[in-house]
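> structure, please.
(one chain, ligands or ions: 2)
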Amino acid sequence: MEPRSRGPERSMSTSPPRSTAPVPQLIVAGGAVLDVTTGTTQTADIRIEDGTITEIGTDLDARGWSRLDASGAVVMPGLIDAHVHLTAFSADFRALEQTAASYVYAHTAKATRETLQRGFTTVRDLGGADHGLAQAQQEGLVVGPRVLFCGHAISQTGGHGDMRLPGEEHSPGTPGSCGLGTVADGVDAVRAAVRNEIRKGAHHIKIMASGGVSSPTDRIDSTQYSLGEIQAAVDEADAANRYVAAHAYTARAINRALRAGVRSIEHGNLLDDESLALFRERDAFLVPTLVTYWALQEEGREHGLSEGMWQKVDTVLQTGLDAIRRAHDAGVKLVYGSDLLGGMQRHQNEEFRLLAQVQPAIDAIRSATVTAADLLGRTGELGVVAEGAIADLLIVDADPSADIGVLADIADHVVAIIQGGQIVHSTPRLQVLRRGDDL
Ligand code: ZN
Ligand code: ZN
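Ligands and ions are numbered 1, 2, ... in the order given. A predicted model of the protein is given here:
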């Protein structure tokens, strides 16, 4: 069940070297370093070599090193959003299947850059992003978060990944299009679909295990896929040392997916007590995505959501906060997910404010750092400021565990963002002292 810690992101041997400048040897000096596990801060220097944190301590020798003065600022791990759709330039999923890939990827390049500027140095995409986008990011062709992808989300006929209207009799999907989903029915077809995504480098597999909002013919309260089909997906993912994430709203859909071995439940708004027990028993994760309902209700219709779909939003929004409160109280592992589409992606950090309504701020922060890294199978590498971790750092002007607004209103508070040891975003709040410079 446990995914390998080093996914295909590291094994694309055909990748040419990064086109960007060599990663500098850097010391981030004098910041208040937030240990997200304990929830405490301590002033320290951080030494970064070849993209990795190699030393944390006080008064590190900075002679001959580039030095970033973080005194007065808070240094925390780069954020992880575990439920995004980077290619979803519109909330209308049908439009994605009918738009030229070149146009979709122009939008995607903008979305990835803005996501990084909001402090997210890693994302888990749950439908749409593929190996090409992940490779482009690795090579520095696209500025954005590290991308862990599933390729297409796998759906049954008439399920959340089937975008046909009732009057359409053609085959589902459009070959070569940027649609988020693919349709497979029956155990053999599901196995083949999973194997095909793994063939293309998927880090995880996404299945649709209940109805959803952005699909034209299904209902929120439907379960999708037979138990045999879900188990087939889990078996195939497990065989490749991958795991399955399942879109599911109702307790009925959540519980059967958990019993079949799914590792993360996406949304989960209508969970029940049995779900809470199953999450703990199966060591599974819940990825609630509240901000997407908040944003859909605010402005979904402006971004292409039809009136019928907009009506579905209220059903899932009302129960969402309550589900998170109950899951948090029951000790379920919660992971940050925004699931925003189109122009609504700019509200990505609003999820922090929603989460902090029902749990302490530090737990909301953990959901986007350490716990997210656990879900991704990258414990100790991502989501922590620690020796041996990848040097993904978010530097902000105040402590977000004392005021979650620091992350929710990130543009007002970000000082600098470091990804893989490179300063990828900085603001006038930052002072960098180059070798030999005096303060
Ligand atoms: Zn979903
Ligand atoms: Zn989604």
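
> number of residues surrounding the residue in the stretch 101-250 of the chain that ligand 2 sits nearest to?
Using Cβ to the ion, Leu126 is the residue of the stretch 101-250 of the chain that sits closest to ligand 2, at 4.8 Å. C-beta coordinates here come from the backbone N, C-alpha and C atoms, glycine included. Around Leu126 there are 26 other residues, counting by other Cβ atoms under 10 Å.

> cool, and Ala391?
25.

> ok, now which ones touch the residue of the stretch 101-250 of the chain closest to ligand 2?
With contact set as Cβ atoms under 8 Å, 6 or more residues apart in numbering, Leu126 has these partners: 83-85, 150, 153, 206, 245, 247, 266, 339.

> what subset of these is also close to ligand 2?
Filtering the contacts of Leu126 for neighbours of ligand 2 using Cβ under 5 Å from the ion leaves Asp339.

> now tabulate the contacts of Leu126 in a markdown table and tack on pLDDT and neighbour count.
Formatted as a markdown table, these follow (pLDDT from 0 to 100; neighbours: other Cβ atoms under 10 Å):
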| residue | pLDDT | neighbour count |
| --- | --- | --- |
| His83 | 98 | 27 |
| Val84 | 98 | 30 |
| His85 | 96 | 27 |
| Cys150 | 98 | 28 |
| Ala153 | 96 | 27 |
| Lys206 | 98 | 30 |
| Ala245 | 98 | 28 |
| His247 | 97 | 31 |
| Glu266 | 97 | 31 |
| Asp339 | 95 | 30 |
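
> which of the contacts of Leu126 fall within strands?
Mapping these onto strands (DSSP state E) picks out 83-84, 153, 206, 245, 247, 266.

> any idea how far the residue in the stretch 251-400 of the chain positioned nearest to ligand 2 is from Ala391?
Here the residue of the stretch 251-400 of the chain nearest ligand 2 is Asp339; by Cβ to the ion that distance is 4.2 Å. For Asp339, the distance to Ala391 (Cβ to Cβ, to the nearest Å) stands at 28 Å.

> could you do Ser90 as well?
From Ser90 over to Ala391 the distance is 35 Å, taken as Cβ to Cβ.

> and what of Val262?
The value you get for Val262 to Ala391, if Cβ to Cβ is used, is 32 Å.

> for the nearest residue to Gly308 once chain neighbours are set aside, what are its contacts?
Leaving aside its sequence neighbours, Gly308 sits nearest to Pro216 (Cβ to Cβ, 6 or more residues apart in numbering; 7.9 Å). Residues near Pro216 by Cβ under 8 Å, 6+ apart: 94, 163-166, 306, 308-309.

> which one of these has the most neighbours?
Neighbour counts for the contacts of Pro216 (other Cβ under 10 Å) peak at Met163, which has 26 neighbours.

> that one against Gly179, yeah?
Yes: at 6.6 Å, Met163 counts as touching Gly179 under the criterion of Cβ atoms under 8 Å.

> quick check: neighbours shared by those two?
93, 97, 173.

> turn these into CSV, columns for pLDDT and secondary structure.
Putting the shared contacts of Met163 and Gly179 into CSV (pLDDT from 0 to 100; DSSP: H, G, I helix; E, B strand; the rest coil) gives the following:
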residue, pLDDT, secondary structure
Phe93, 82, helix
Glu97, 86, helix
Gly173, 78, coil
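
> now tabulate those residues in JSON lines and tack on distance to Gly39 and neighbour count.
Below are those laid out as JSON lines (distance: Cβ to Cβ, whole Å; neighbours: other Cβ atoms under 10 Å):
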{"residue": "Phe93", "distance to Gly39": "39", "neighbour count": "26"}
{"residue": "Glu97", "distance to Gly39": "44", "neighbour count": "17"}
{"residue": "Gly173", "distance to Gly39": "46", "neighbour count": "19"}
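
> of those, closest to Gly78?
Phe93 (29.1 Å; Cβ to Cβ).

> contact partners for the closest one?
Per Cβ under 8 Å, 6+ apart, neighbours of Phe93: 163, 179-181, 214-215.

> contacting residues around Val143?
109, 112-113, 116, 137, 424.

> weed out the non-buried ones from those residues.
When the contacts of Val143 are checked for burial by 16 or more other Cβ atoms under 10 Å, the buried set is 109, 112, 116, 137, 424.

> show me which residues of the chain are close to ligand 2?
Residues of the chain lying near ligand 2 (Cβ under 5 Å from the ion): 126, 339.

> strands along the stretch 51-200 of the chain, start to end?
Remark: strands assigned in the stretch 51-200 of the chain by DSSP state E, counting those that start in this stretch are 52-57, 66-69, 74-77, 79-84, 120-125, 146-148, 153-155, 181-183.

> now find how far off-centre the second one is within its chain.
Taking the mean C-alpha point of strand 66-69 and that of its whole chain, the gap between them comes to 30 Å (Cα atoms, centre = their mean, to the nearest Å).

> and that strand, what's its mean pLDDT?
Average pLDDT, strand 66-69: 92.

> pLDDT weak spots in the stretch 251-400 of the chain?
Applying pLDDT under 70 to the stretch 251-400 of the chain picks out residues 315.
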